[in-house]
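J.: Generate coordinates for the sequence data below:
(2 chains)
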There are 2 protein chains.
Amino acid sequence: MSTLTDQLRQTEAHRSIFECAVRRLPLPTCAAFGSADKPQPVSFVATSRVLASNDPEGVRAQFPQSVAASGNAVLAAAGSNLRQAQGKRVAVLFSGGPAAGGHNVVCGLKRVLGNGNTLFGVRAGPKGLLKGTLFEITDANVDFILNTGGFDFLGSDRTKIKSAEQFAQVRETCVRYQLDAIVVVGGDDSNTNAAVLAETLFAGVKADGSGVQVIGVPKTIDGDLQVGDLLSISFGFDTATRIYSEMVGNILQDTSSSLKYWHFVKLMGRSASHVALEVALQTKPAIALISEEIAAKQESLASIVDRVARVIVDRSHRGMNYGVLLAPEGLIEFIPEMNSLIAELNDVLAHHAEEFAAQPEDARAGFVGGKLSAGNAALLASLPAYIVRMLLAERDSHGNLQVSLIPTEQLLIDMARKRVGELDPNVPFAAHNHFLGYEGRCGAPTLFDAAYTYNLGLTAGSLILDGRTGYMATVTGLGSGGKPQAIPLAGLINIERRHGKDEFVIEKALVRMDSPAMQYFIARRDDWAREDLFSSPGPRQFWGPTANQLPLTVALNSGAASLMFRIGD
Amino acid sequence: MSTLTDQLRQTEAHRSIFECAVRRLPLPTCAAFGSADKPQPVSFVATSRVLASNDPEGVRAQFPQSVAASGNAVLAAAGSNLRQAQGKRVAVLFSGGPAAGGHNVVCGLKRVLGNGNTLFGVRAGPKGLLKGTLFEITDANVDFILNTGGFDFLGSDRTKIKSAEQFAQVRETCVRYQLDAIVVVGGDDSNTNAAVLAETLFAGVKADGSGVQVIGVPKTIDGDLQVGDLLSISFGFDTATRIYSEMVGNILQDTSSSLKYWHFVKLMGRSASHVALEVALQTKPAIALISEEIAAKQESLASIVDRVARVIVDRSHRGMNYGVLLAPEGLIEFIPEMNSLIAELNDVLAHHAEEFAAQPEDARAGFVGGKLSAGNAALLASLPAYIVRMLLAERDSHGNLQVSLIPTEQLLIDMARKRVGELDPNVPFAAHNHFLGYEGRCGAPTLFDAAYTYNLGLTAGSLILDGRTGYMATVTGLGSGGKPQAIPLAGLINIERRHGKDEFVIEKALVRMDSPAMQYFIARRDDWAREDLFSSPGPRQFWGPTANQLPLTVALNSGAASLMFRIGD
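T.: Numbering: from 1, shown residues only, chains lettered A, B, ... in the order given. Okay, here's the model as predicted:
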């Protein structure tokens, strides 16, 4: 074997030239943790800021021990923790879809817990906590996963821990591994689950009557886990949107090179359009649809299509038979008439499941149409077959439509083509569609996500060593060095009545029409539609002058002084 | 307006933080051009290496002036050109699909032509040469487009210049702008066209009886324009494959994080599988299909599907219900039985166009089936409706199937699912599909493509100042500093008899089974199928320790000593 093939063999199994290099990148730490080389845990004090959700009394009734202990007060760092606990046994797990930076949360935890405590990894998510598939994480593991993307060091799944049997299994795992604490890295649902676990495990788990602490870490590429200035963004959002932005920038560059195609790009983000808005600000395409705006304006599908078609026609008249449209994955559910149709369909399919299943394939739309209100039946009949097929497809485990499977981008293309033809039959319209989703969840974390998550790990570990439970770790002041803080999970919980039952939920942060990021977008978008003003933000860089950027929506919404983040000094 | 929104406004129209930074990157030049700050044109001498294609006499008969002038000899640089021409008027155009680095070809041309000559850009490709839509390129233009992706500075199209009327239009443009030379940046077809143009314009174009020089520059992301050690790769291939490799690496990381999905990824590359092979070497997925191997082994669709299904089942038995499969876009045409079906379909559709068009939609497959040979009719009937629909869809302007529209990745998923169920009904198989294409054509060029294309531009400009015509610019020795050279276009031309007519073609370079890159892939792929040995090559970097990589297939096939390129000292 030649030297060259030897070199190539050495790149196998997470050892690409790039992966080896990013492992050696320095990681900045917030000043509170002392030296970056050997970060020290901090202790916390309650601030005067107390969180309250839509039903404080109801929440207190459900989370009595958590609320009594925390008073729902936000915690701030109070100097390094000189009397930190030793001998703690801590488990960390990933929950839900992967997001860049998860590995660095683990690294931060391990480093701050140090050799005096033990960190376990839970394999394959919450399910692993039920089954008790834990293993001890070593310093060598940390050196290997540092700054790499994905959740593959542990794996993940979407199991929701809610039944009495499941809670018993968790207790069994806690006892078996003599756990003192669990760190749940996840989104809004997983952090709600963490709040419930914190209350359930508050006391009486171990032989000595003590409980198990539970700390949440805010993850989601959708960016819909936000708590004002306490949590300006969940981790993974920056990496995902920068990956999508590069792709959209490349496609924009292609449109004005090839001069003959429209590209309709669907972006991940089911409930909120933060991803679409961030990518729009990064790239400045001709059209970006924002679900929340469509819902706020009660815009109909026909009106959206007309708006899109008019941009296509206007650009063509200006000599541009090309452009890019961005649409969030969840768009279709935000269009009022589609939302009403989907809701009624969910009901009809749930109530007539057997009869429906017994229908031959080609009779199903007719069967369902007969059970719908007249307006919804007419709307269903007006949609192309490939959309109807997906609207009638199998529901997810919660009985909901699997929105990501709906080819919204193709629907918009087909409807826009028809409308363009009505407006001006001489306008050519050739279009491609894209769905940017999985590509963005597991890339190597940007320097922002890498530093942010490492410090979230340091914060979560510090909370554990400080004896806290029922908090979400956060890092505030991302443009000015960064401060470890903690948000009381019970203070985020709302109670919503769904299907006749009280449900605890951490509300998803949607794009607000009056937010600076949305206002900036609204102020600029007409110019972007009229002329080619796009930018290519390029691939995310880990070295050099462009490596330290903040997400633009975060910079705008937090009133940052610069487009660069600063964690550490 | 705040400072922040001001900063954001300044990023519009190709002025992202990244774009502004890459414009300032230093560009290395081959030693032959003297200083990198102020590169000087070189002169050329014929080497003893003479190229000959499949019918040297036939080619000589068609390209008499070109062959007489060049003797089909390869040119090498012979020191700096001290008696270089001044006052030359040169036009440059982009032809075909965009590829990263095109802008740097223009920059290299402009810099080496200097202020003593004039460089024109042709808008919108070969069609612009017919219409005469030229404009003068300034130094400010060059500063602005340097190191940026896409062809959008000029635009491109796919017009083939072949009719007498078209040649007359080109002459008119040459006369109108008093052109001395034309540089055609394009793939195999465009360089064939450049050879024809060089011969046609060899003499007698301008009033003084002189001709117009024509120089080709080798572009194509597919990587199928290669001439052994004289042209180890066309430009754009490195950038495209590194973009795809990052996406595939991210998806691989996602599979082993989410633990439940297969992803079938179709990659651009219709005629050759260089892209798929390069991405496979970069990322090490469970399965990568190489069209040339399937053709060489005459592997049937059923056998391919069986091979894929056995990997899925075997991995599942080892606890991995996930993986990634790569397939080249052109795969379906390389499967012997599909190739035969497509060829017969092309014939049948060409000969029964009107009758076919008159059939109602749902009768078309039956109509065509009745005209096919029994074997092909049975194969057509066995394919899913969505494949049949695309197989019968409109042909391109050459009467060929539009292969990129065939959802090969979905066909493989559906057939693999069935076969997996036969092999072991307990193996779960959930799959997503992707097509990575347009995202890779217009990204910012890697440092390799940026340096390579800039030096190709310097070489093309030098050839013009040295009075040469009918050559393709090339840079050899990409791992050892780089040498400007020139390949006689007529020496690359083969004559093929198609539809009873002689056609000139530069043969596409396919993946060779005995090439070091393919042999390395074959040696490793079983291990990659059995275990997770993948790597994430990460986003391409423009600063830092990982910025100077060579494409792996190029490094292996050229016997490079290292995985890094070196242009300049």
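
J.: Let me know the helix or strand that residue A:344 is in.
T.: Using DSSP states H and E, residue A:344 maps to helix A:336-351.

J.: after that helix comes which helix or strand?
T.: helix A:353-358.

J.: other SSEs contacting that next one?
T.: The contact analysis (3 or more CB pairs under 8 Å, 6 or more residues apart in numbering or on different chains; DSSP states H and E) places helix A:353-358 against helix A:364-371. Where you see a C-beta, it was placed from the backbone N, CA and C, and this is true even at glycine.

J.: Please parse chain A into its domains.
T.: Residue ranges for each domain of chain A read A:42-77+A:85-236+A:443-494, A:244-440+A:515-557, as given by automatic domain parsing.

J.: What is the distance between the last one and the centre of its chain?
T.: Centroid separation for domain A:244-440+A:515-557 versus its chain: 19 Å, with CA atoms, centre = their mean, to the nearest Å.

J.: coming back round to it: extract the CA atoms of the helix holding residue A:344 and return them as PDB.
T.: Extracted C-alpha coordinates of helix A:336-351, given in PDB (Å, rounded to 0.1, in the frame of the first residue of the first chain):
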ATOM      1  CA  PRO A 336     -56.300  29.200   7.300                       C
ATOM      2  CA  GLU A 337     -58.400  27.200   4.900                       C
ATOM      3  CA  MET A 338     -55.800  24.400   4.800                       C
ATOM      4  CA  ASN A 339     -55.600  24.400   8.500                       C
ATOM      5  CA  SER A 340     -59.300  24.000   8.800                       C
ATOM      6  CA  LEU A 341     -59.300  21.200   6.200                       C
ATOM      7  CA  ILE A 342     -56.400  19.300   7.900                       C
ATOM      8  CA  ALA A 343     -58.100  19.600  11.300                       C
ATOM      9  CA  GLU A 344     -61.400  18.200  10.000                       C
ATOM     10  CA  LEU A 345     -59.400  15.500   8.100                       C
ATOM     11  CA  ASN A 346     -57.600  14.500  11.300                       C
ATOM     12  CA  ASP A 347     -61.000  14.200  13.000                       C
ATOM     13  CA  VAL A 348     -62.700  12.300  10.200                       C
ATOM     14  CA  LEU A 349     -59.800   9.900   9.800                       C
ATOM     15  CA  ALA A 350     -59.700   9.200  13.500                       C
ATOM     16  CA  HIS A 351     -63.400   8.600  13.700                       C
END
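
J.: for that helix, packing partners?
T.: Judged by 3+ CB pairs under 8 Å, 6+ apart, helix A:336-351 is in contact with helix A:331-334, helix A:364-371, helix A:374-382, helix A:385-391.

J.: just those helices: most buried one?
T.: Scoring the helices and strands packed on helix A:336-351 by mean neighbour count under mean count of other CB atoms under 10 Å in any protein chain shown gives helix A:331-334 as the most buried, with a mean of 24.

J.: Please name every helix or strand in contact with that helix.
T.: By 3+ CB pairs under 8 Å, 6+ apart, helix A:331-334 packs against helix A:291-296, helix A:336-351, helix A:408-423.

J.: Buried residues in the last one, which are they?
T.: Pointing back at helix A:408-423 there. Of the residues in helix A:408-423, A:408, A:409, A:410, A:411, A:412, A:413, A:414, A:415, A:416, A:417, A:419, A:420 count as buried by neighbour count, 16 or more other CB atoms under 10 Å in any protein chain shown.

J.: Could I get the helices and strands packed on helix A:336-351 in a markdown table, plus columns for mean pLDDT?
T.: What follows is the helices and strands packed on helix A:336-351, written out as a markdown table (pLDDT from 0 to 100):
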| stretch | mean pLDDT |
| --- | --- |
| helix A:331-334 | 94 |
| helix A:364-371 | 93 |
| helix A:374-382 | 94 |
| helix A:385-391 | 91 |
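
J.: Could you point out which of those sits nearest residue B:101?
T.: Of all the helices and strands packed on helix A:336-351, it is helix A:331-334 that lies closest to residue B:101, at 36.1 Å by CB to CB.

J.: quick one: contacts of the closest one?
T.: When contacts are defined by CB atoms under 8 Å, 6 or more residues apart in numbering or on different chains, helix A:331-334 is touched by residues A:266, A:270, A:289, A:291-292, A:294-295, A:338-339, A:342, A:401, A:403, A:406, A:408, A:411.

J.: List only those of the residues you listed flagged as buried.
T.: For the contacts of helix A:331-334, a burial check counting by 16+ other CB under 10 Å picks out A:266, A:270, A:289, A:291-292, A:294-295, A:338, A:342, A:401, A:403, A:406, A:408, A:411.

J.: how about CSV for these, with distance to residue B:497 and pLDDT added?
T.: Output for the buried ones among the contacts of helix A:331-334, formatted as CSV (distance: CB to CB, whole Å; pLDDT from 0 to 100):
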residue, distance to residue B:497, pLDDT
A:266, 46, 97
A:270, 56, 84
A:289, 53, 98
A:291, 58, 97
A:292, 62, 97
A:294, 58, 97
A:295, 63, 96
A:338, 57, 94
A:342, 59, 92
A:401, 56, 81
A:403, 54, 81
A:406, 50, 87
A:408, 49, 92
A:411, 47, 95
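
J.: Name the nearest of the residues you listed relative to chain B.
T.: Among the buried ones among the contacts of helix A:331-334, residue A:266 lies closest to chain B (CB to the nearest CB), at 12.9 Å.

J.: which stretches of the stretch 101-250 of chain A form strands?
T.: Per DSSP state E, counting those that start in this stretch, the stretch 101-250 of chain A carries strands over the ranges A:118-122, A:134-136, A:156-157, A:181-186, A:213-218.

J.: what's in contact with the last one?
T.: Taking contacts as CB under 8 Å, 6+ apart, the residues outside strand A:213-218 that touch it are A:105, A:180-187, A:190-191, A:194-195, A:197-198, A:201, A:225, A:231, A:234-235, A:453, A:456-457, A:460, A:463-464, A:467-474, A:489.

J.: orientation of it relative to strand A:181-186 in degrees?
T.: Counting by axes from the mean of the first three to the mean of the last three CA atoms, to 10 degrees, strand A:213-218 lies at 20 degrees to strand A:181-186.

J.: List the strands paired with strand A:213-218, with their directions.
T.: When pairing is defined by DSSP bridges, strand A:213-218 lines up against strand A:181-186 (parallel), strand A:471-476 (parallel).
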